[in-house]
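# how does the following fold in three dimensions:
(one chain, ligands or ions: 1)
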Amino acid sequence: MRIRASAPAVALAVLAAGLTSCAQAPREAGVRYLVGFSQANLTEPWRLAMTEEVKLEAALHPDIKIIYADAADSTNRQIDDVQRLMDYGIDLLIISPTDSRALTPIVREAYSKVPVIVLDRAVEGYDYSLFIGPDNERLGREAGGVISELLGNRAGTVIEVQGRSGSPPALARSHGLREVLAKHPNLKVVDTIVADWLRDTAEDKVAARIRTIPDIDVIFAQNDAMAFGAWRATRVAGRQGIKFIGIDGLPGPTGGIELVRRHVLSATFTCPTGGKEAVIYALDILQRKEGIPKKIFLRPEKVTPDVLVQTQAGVPHSKLARLPPGRRIVLGFAQIGSESEWRVANTKSVKSAAAKAGIELLFEDGKQHQENQIAAIRSFIRRKVDVIAFSPVVEKGWEEVLREAKEAGIPVILSDRSVDLSDDSLWLTFMGSDFVEEGRRAGRWLVENMKASGPVNIVELVGTIGSAPAIDRTIGFAEVIKDYPNYKVIASESGDFLRTQGYDVMKKILAGESRKINAVFAHNDDMAIGAIQAIEEAGLKPGKDVIIVSIDAAHGAFKAMIDGKLSCAVECNPLLGPQLMKAVKDYMSGKDLPIRMITAEGVFPAATARQDIKGREY
Ligand code: GYE
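Next up, the predicted model:
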């Protein structure tokens, strides 16, 4: 393990005393929590900033001590670092992996003993307490948006300079960029250069490559360091007129902010490192606070010369809200309705968490109609609540009312479901599930447990048309079964998340479908339970003749699994109340909120339903 000079002296001293023997050294007085921070490297400016953030935040909490380990970008060294930190007896591990796949086993092992916070690059699977990172696909999309703004409708050639080959951020940023450029046929990525996040590598490779590319309009580099290197290469080659875009937006003399100020870069995007949040959440986890999400994605902010003119410190920041002293927070919540067991549990969670948090809750039930939710939001605006939260029944049709909330200076939190809006300044943060992953989990369970070689005809009972869970669960499920040609969705129809409609739709399909139905994928338990009734009325045995997988994993699903009628329930956690109240209080206390917070969820097969149901809250 290499200890860098930048680590605080106290940590160095602790290491010298402890790590050589790998024995658990005695804790100094006042140190309640010992946290290990395994950093991929301290060569990248962004990682230096991350480590500095960790140090500064930790300094604000005297009962926590951080031990730093720098893997110098070596995967093997990082594996050793984690092992030694564990041997030292840390209470929690923070790790920013060099290589996601290679570090997954050691992170899984550490997680079996202590909480683990993964920073920036996720490991495979979900064997960790919390992931904190940037939304890399979004950063790529934002860069694509700036390129299309810069070049307009004229033909444009783009070079992309990528970070470490195959790393999740490099892949995701590239995917986001291409997703946007695909909508602009006049813009073409004519070359891709891999420069491993490093400025000098970018300078050398771009210098070599531009000799063979006569017309270049934009060079997009996946971080500012590589963008600066590319810019230097073109300056030396005497190339004019090329625009440069980067990511990271760090302050300081060589940071992206300064490069934009000097018009070296046309734009960059802040890419919050998560260092500060990692320490804050580490304390929350160690103090067993409620409402800890599984993943949080931090909000990027675009930095261009005109944006710089508008901000004071040169670094754009979100408005800090303050609650007038002595007054309770007032939260307006516009719920969808009570269409399912999940929704009932969600409402109960929101109400009980508000009461526990001492937040005054104004609660309106939309009865499954968007116009009712819009009316409720307008009533909250009139009543001048501090924060509005709602679960959008469908993704579209919210722009007008959310603009009214923004003009009234009232932040809006999306709870459970998201909206389809180009202007994401109209909402503060989203908290809920990863519905695409839920669809994947349903598909994976089906193929891994049916192990069928012959045709598997599937009926898909879709949720509310146009709602985020219905759209994304279909996407995730299809993504998995596309690799198994014998698994085929032969009928797909909406049951609107309702048990009665799940029954009606299934009954109609059973009556009209001549092919054998082998499986049902239901977007929620309520429709699955309705379908079970229709399947039994058709003289078939649900769970045997027809394998059924549903999403939610509410109480009714466990009962159906124990009765042998439902085969698997993929969890979708409705208990968002504590997370929502924590976010509201954090925001009102002046903290920045992540742009997305994803809840922790599991998969429950019928085989273990009898014991899994014990102690469940919904
Ligand atoms: O799956 C369903 C509810 O938005 C995730 O809505 C929620 C879905 C849930 O009606 O039961």
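# flag every residue of the stretch 301-450 of the chain that's near the ligand.
Counting by C-beta under 6 Å from any ligand atom, the positions of the stretch 301-450 of the chain adjacent to the ligand are 339, 340, 342, 343, 416, 417. Yep, even glycine has a C-beta here, placed from its N, CA and C like the rest.
# what is the neighbour count of the third one?
Here the neighbour count serves as a burial measure; for residue 342 (other C-beta atoms under 10 Å) it reads 24.
# next: the fifth one.
Using other C-beta under 10 Å, residue 416 has 28 neighbouring residues.
# wait, what's in contact with it?
With contacts defined as C-beta atoms under 8 Å, 6 or more residues apart in numbering, residue 416 is in contact with 346, 391, 431, 432, 433, 574, 576.
# just to revisit the earlier point, now tabulate the residues of the stretch 301-450 of the chain next to the ligand in JSON lines and tack on distance to residue 194 and secondary structure.
JSON lines is the format used below for these (distance: C-beta to C-beta, whole Å; DSSP: H, G, I helix; E, B strand; the rest coil):
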{"residue": "339", "distance to residue 194": "49", "secondary structure": "coil"}
{"residue": "340", "distance to residue 194": "47", "secondary structure": "coil"}
{"residue": "342", "distance to residue 194": "44", "secondary structure": "helix"}
{"residue": "343", "distance to residue 194": "47", "secondary structure": "helix"}
{"residue": "416", "distance to residue 194": "39", "secondary structure": "strand"}
{"residue": "417", "distance to residue 194": "38", "secondary structure": "coil"}
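# check what pLDDT the most far-flung residue of the chain relative to its centre gets.
Computed with C-alpha atoms, centre = their mean, the residue of the chain farthest from its C-alpha average is residue 539, at 43.7 Å. pLDDT for residue 539: 96.
# returning to that earlier point: okay, and which of the contacts of residue 416 map to helices?
Counting by DSSP state H, these place residue 346 in helices.
# export the contacts of residue 416 to CSV and append columns for neighbour count and pLDDT.
Converted to CSV, the contacts of residue 416 look like this (neighbours: other C-beta atoms under 10 Å; pLDDT from 0 to 100):
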residue, neighbour count, pLDDT
346, 26, 97
391, 24, 97
431, 24, 95
432, 25, 95
433, 26, 94
574, 26, 94
576, 25, 94
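# so where does whatever residue of the stretch 351-500 of the chain ends up closest to the ligand fall, helix or strand?
In the stretch 351-500 of the chain, no residue comes nearer to the ligand than residue 497, which is 3.7 Å away by C-beta to the nearest ligand atom. Using DSSP states H and E, residue 497 sits within no helix or strand.
# go on, residue 508?
helix 499-512.
# same check on residue 46?
helix 45-59.
# and that helix, what's buried?
Burial within helix 45-59, assessed by neighbour count using 16 or more other C-beta atoms under 10 Å, is assigned to 45, 46, 47, 48, 49, 50, 51, 53, 54, 55, 57, 58.
# out of the residues you listed, which one sits closest to residue 37?
The closest of the buried residues of helix 45-59 to residue 37 turns out to be residue 54 (C-beta to C-beta; 5.8 Å).
# the closest one contacts residue 279, doesn't it?
Yes. Taking contacts as C-beta atoms under 8 Å, residue 54 lies within contact range of residue 279: 5.8 Å.
# mutual contacts of the two, please.
Residues touching both residue 54 and residue 279 (C-beta under 8 Å, 6+ apart): 66, 94.
# picking that back up, the residue of the stretch 351-500 of the chain closest to the ligand and residue 525 touch, don't they?
No. Assessed by C-beta under 8 Å, residue 497 is found out of contact with residue 525, at 9.5 Å.
# who touches both of those two?
In contact with both residue 497 and residue 525: residue 340, using C-beta under 8 Å, 6+ apart.
# now do the strands in the stretch 51-200 of the chain.
Counting by DSSP state E, counting those that start in this stretch, the stretch 51-200 of the chain has strands at residues 64-70, 92-95, 116-119, 130-134, 156-162, 187-194.
# with distance to residue 367 and mean neighbour count as new columns, can these be given to me in a markdown table?
A markdown table is the format used below for those (distance: least, C-beta to C-beta, whole Å; neighbours: other C-beta atoms under 10 Å):
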| stretch | distance to residue 367 | mean neighbour count |
| --- | --- | --- |
| strand 64-70 | 47 | 24 |
| strand 92-95 | 44 | 26 |
| strand 116-119 | 40 | 25 |
| strand 130-134 | 36 | 24 |
| strand 156-162 | 48 | 23 |
| strand 187-194 | 46 | 17 |
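# and the helix holding residue 508, what does it pack against?
strand 456-462, strand 487-494, helix 525-537 (3 or more C-beta pairs under 8 Å, 6 or more residues apart in numbering; DSSP states H and E).
# in a markdown table: these, plus distance to the ligand.
A markdown table is the format used below for the helices and strands packed on helix 499-512 (distance: least, C-beta to the nearest ligand atom, whole Å):
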| stretch | distance to the ligand |
| --- | --- |
| strand 456-462 | 11 |
| strand 487-494 | 12 |
| helix 525-537 | 6 |
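# and the contacts of stretch 170-187?
Contacts of stretch 170-187 (C-beta under 8 Å, 6+ apart): 136-145, 147-148, 151, 153-156, 158, 160, 162-164, 188-189, 192, 194, 220, 222, 247.
# with adjacent residues omitted, what lies nearest to residue 107?
Closest residue to residue 107 apart from its sequence neighbours, by C-beta to C-beta, 6 or more residues apart in numbering: residue 123 at 4.8 Å.
# quick check: the one you found vs residue 139, distance?
Per C-beta to C-beta, to the nearest Å, residue 123 is found 20 Å from residue 139.
# with residue 60 instead?
Shown here: residue 60 relative to residue 139, a distance of 28 Å by C-beta to C-beta.
# tell me where the model's unsure across the stretch 451-600 of the chain.
Regions of the stretch 451-600 of the chain meeting the criterion pLDDT under 70 are absent.
# for it, which residues are neighbours of the ligand?
The stretch 451-600 of the chain comes close to the ligand at residues 469, 497, 524, 551, 552, 572, as judged by C-beta under 6 Å from any ligand atom.
# compare those and tell me which has the most neighbours.
residue 524 (34 neighbours).
# wait, it sits on residue 552?
Yes. Using C-beta under 8 Å, residue 524 is in contact with residue 552, at 4.9 Å.
# give me the common contacts of these two.
Counting by C-beta under 8 Å, 6+ apart, the residues touching both residue 524 and residue 552 are 340, 342, 572.
# what count of nearby residues applies to the first one?
Put plainly, it is residue 340. Residue 340 - counted by other C-beta under 10 Å - has 24 other residues nearby.
# which pLDDT value goes with it?
Looking at residue 340, its pLDDT is 93.
# domains in the chain, by residue range?
14-128, 136-269, 330-432+576-600, 435-572 (automatic domain parsing).
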